[in-house]
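Engineer: Predicted coordinates and the sequence they were generated for:
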Amino acid sequence: MVFKRLLGSLGVGGPTVDTVLTTGAAVPGGPLSGQVHLKGGSADFDIDHIALELVAQVEAEHEDGEEERVVAFERFTVGGGFRLAEGEQLSVPFTVTLPWETPITELYGQSLGIVLGVHTELSVAGAKDKGDLDRLLVSPLPVQEAILEAFGQLGFGFRSADLEYGRIGGTGQQLPFYQEIELTPPPQYAHAVNEIEVTFLATAGGMEVVLEADRRGGLFSDGHDALTRFTVAHDGIHHQDWRAHVEGWLQRLIEHRSAYAAGSSYGHGDPYAGHHGHEPGHGHHDDRHHGGGHRSGPGLGTAVAVGAAGLAVGVVGGMVAAEVIDEAGDFFEGDNDDDGDDEGGDD
């Protein structure tokens, strides 16, 4: 779906830009293709550059609570250095590569409630205008899908997903935010954890899987969240028993929680207690502190079974995502009114 914006800052008669992405979802680390359609205005205009920015709506914690903000996490220049004649129609094709840590927005065609966008910036005679914003759909990598499917086979259900501004210490995280996919446990794990949060940090050579178990009440009320990290490869996916791997990861996470509690009633035990994994990669233990509680994403709609015994994904209405994209569009329109005072920043 294309959200067309006129370049109002150039005045009546200026060029218009309409970016159309290739149909279908992209994948992290994969290509993103499309065309930027330009239409000349009532005079000739010199096009300095055409740039694409990948943007995401994230949740940022601060001393006063939480707020949602739009963050740009990659930028590409796909054209420029030419004159667009009066009334001329021109299409500029492009293919760019998504960052490996690009969040996933859907699983088996069902929305996870994460909204990403591609916004087009057209610089005409030194004046910049962010003139088009398009929704970006991203499906999981095969190894991500295999891991989520294994959780589903174990009886875990989808609760929500969000993007958290900040970094996970001790990882190779590159983007200024990370995705959390929140899962509800089946009865056999409900006594030990109230929720499991899954984060994928992919690279060209493999992927870190970060599992976090919430801590609630009693010894775990200080706000520290124990987590485990495992490294997996992209190849040999179909030769792995992912259900067994995930069961092992969960067992280590639960054991780590117990060891952490024994080490300190205030959550200051050895964060790396435990052993190293021998499944598809190496396991590590760490701790992450959150300034406040987690905020759930869009409301869970009708749950649908995905795959033969797959993850129960909540169907989030498409209107929710469309509304957030419109809010992001309003953000960029407001940014144009700042006359470049905050150029280079996100807020």
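Structural biologist: Arrived safely.
Engineer: Run through the stretch 1-150 of the chain and note the low-pLDDT ranges.
Structural biologist: Within the stretch 1-150 of the chain, the segments meeting pLDDT under 70 span 1-12, 126, 129-130.
Engineer: which stretches of it form strands?
Structural biologist: Assigned by DSSP state E, counting those that start in this stretch, the stretch 1-150 of the chain shows strands spanning 2-6, 16-21, 31-39, 45-62, 65-79, 82-84, 89-97, 106-107, 110-111, 116-124, 127-136.
Engineer: What are the buried residues along the fourth one?
Structural biologist: Translated: strand 45-62. Judged by neighbour count using 16 or more other Cβ atoms under 10 Å, the buried positions of strand 45-62 are 45, 47-48, 50-61. For the C-beta atoms, the positions are set from N, CA and C on the backbone; glycine is no exception.
Engineer: Also the second one?
Structural biologist: Of the residues in strand 16-21, those buried under the neighbour-count criterion (16+ other Cβ under 10 Å) are 16-19, 21.
Engineer: Each with direction, which strands does it pair with?
Structural biologist: Using DSSP bridges, the neighbouring strands of strand 16-21 in the sheet come out as strand 2-6 (antiparallel), strand 31-39 (antiparallel).
Engineer: and what of the last one?
Structural biologist: Strands that pair with strand 127-136, judged by DSSP bridges, come out as strand 2-6 (antiparallel), strand 116-124 (antiparallel).
Engineer: thinking again about what came up before, would you mind putting the strands of the stretch 1-150 of the chain into a markdown table with distance to residue 168 alongside?
Structural biologist: What follows is the strands of the stretch 1-150 of the chain, written out as a markdown table (distance: least, Cβ to Cβ, whole Å):
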| stretch | distance to residue 168 |
| --- | --- |
| strand 2-6 | 32 |
| strand 16-21 | 30 |
| strand 31-39 | 25 |
| strand 45-62 | 14 |
| strand 65-79 | 16 |
| strand 82-84 | 43 |
| strand 89-97 | 23 |
| strand 106-107 | 22 |
| strand 110-111 | 25 |
| strand 116-124 | 20 |
| strand 127-136 | 23 |
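Engineer: do you know which of these lies nearest residue 197?
Structural biologist: Across these, residue 197 has its closest neighbour in strand 45-62 (13.2 Å, Cβ to Cβ).
Engineer: Which strands and helices lie in contact with that closest one?
Structural biologist: When contacts are defined as 3 or more Cβ pairs under 8 Å, 6 or more residues apart in numbering; DSSP states H and E, strand 45-62 sits against strand 31-39, strand 65-79, strand 82-84, strand 89-97, strand 116-124, strand 127-136, strand 157-165, helix 318-336.
Engineer: Specify the angle between the first one and strand 65-79 in degrees.
Structural biologist: Same thing as strand 31-39. Inter-element angle recorded for strand 31-39 and strand 65-79: 70 degrees (by axes from the mean of the first three to the mean of the last three Cα atoms, to 10 degrees).
Engineer: Same question for the fifth one.
Structural biologist: Going by the same axes, to 10 degrees, strand 116-124 is angled at 50 degrees with respect to strand 65-79.
Engineer: Just the CA atoms of strand 116-124, as PDB, please.
Structural biologist: Once non-C-alpha atoms are left out, strand 116-124 reads as follows in PDB (Å, rounded to 0.1, in the frame of the first residue of the first chain):
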ATOM      1  CA  LEU A 116       8.300  -0.400   9.800                       C
ATOM      2  CA  GLY A 117       8.300   2.100   7.000                       C
ATOM      3  CA  VAL A 118      10.400   3.300   4.000                       C
ATOM      4  CA  HIS A 119      10.300   7.000   3.700                       C
ATOM      5  CA  THR A 120      11.600   8.800   0.600                       C
ATOM      6  CA  GLU A 121      13.500  12.100   0.800                       C
ATOM      7  CA  LEU A 122      13.700  14.200  -2.300                       C
ATOM      8  CA  SER A 123      16.200  17.000  -2.300                       C
ATOM      9  CA  VAL A 124      15.400  19.700  -4.900                       C
END
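Engineer: can I assume residue 243 is in contact with residue 153?
Structural biologist: Yes. Counting by Cβ atoms under 8 Å, residue 153 is a contact partner of residue 243 at 5.1 Å.
Engineer: show me the contacts for residue 239.
Structural biologist: Applying Cβ atoms under 8 Å, 6 or more residues apart in numbering, we find residue 239 in contact with no residue.
Engineer: Nice, that's everything, thank you.
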